[in-house]
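Student: Build me a model from this:
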Amino acid sequence: ESNKISILPLDFYFPGKGKSGDLPPRAGFAQKWHKALLEEMPEIELFILVGSYAIKYYLNLKSSAKTTEVIRDFEAYLPKYFPLVHPSPRNNIWLAKNPWFEPELLPELKKKSCSINEINY
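Tutor: Numbering: from 1, shown residues only. Predicted structure coming up:
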């Protein structure tokens, strides 16, 4: 069903390419719009936080927080939040350096998100 999952980006505008990937979302956009948008979706059970910007914003972490450590400790943020690395070809190096991710974390995500038939990285 289409009403089982929703995607809410930190920004609705692509900021462009930087030297080592996409530029960050515009400052203040999520603060301005997310609260009102989330009020329209009161039945959200799980926020899958994709990428370091979403992770740091929603978990209220300092910019110095290590994304890998947060993802490894995903259970600390349950049942409301599930942090994930951004699924990008640029992250193949990250996946190779963190072989625990797919066998340990993805099965847990699949359990938590029964309505998602398949999650691929």
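Student: what does the top helix by length along the chain rub up against?
Tutor: Longest helix of the chain, by residue count under DSSP state H: helix 29-39. Under the criterion CB atoms under 8 Å, 6 or more residues apart in numbering, residues 8, 10, 11, 12, 13, 44, 57 lie in contact with helix 29-39. Yep, even glycine has a C-beta here, placed from its N, CA and C like the rest.
Student: Skip the chain neighbours and tell me the closest residue to the fifth one.
Tutor: Setting aside the residues directly before and after it, residue 13 is nearest to residue 26 in space (CB to CB, 6 or more residues apart in numbering), at 6.7 Å.
Student: Next: the fourth one.
Tutor: Distance criterion CB to CB, 6+ apart; nearest residue to residue 12, sequence neighbours excluded, is residue 29 at 7.4 Å.
Student: per-residue confidence at the one you found?
Tutor: Note on residue 29: pLDDT of 94.
Student: Neighbours of it, how many?
Tutor: Residues near residue 29, counting by other CB atoms under 10 Å, number 15.
Student: do residue 58 as well
Tutor: Neighbour tally, residue 58, other CB under 10 Å: 17.
Student: What distance do you get for it to residue 20?
Tutor: Residue 58 sits 23 Å away from residue 20, taking CB to CB, to the nearest Å as the criterion.
Student: swap in residue 96?
Tutor: Counting by CB to CB - residue 96 and residue 20 are separated by 18 Å.
Student: which of those two has more neighbours?
Tutor: Between residue 96 and residue 20, counted using other CB under 10 Å, the more crowded position is residue 96 (9 against 6).
Student: so when I look at that one, I'm seeing a helix, right?
Tutor: Yes - under DSSP: H, G, I helix; E, B strand; the rest coil, residue 96 sits within a helix.
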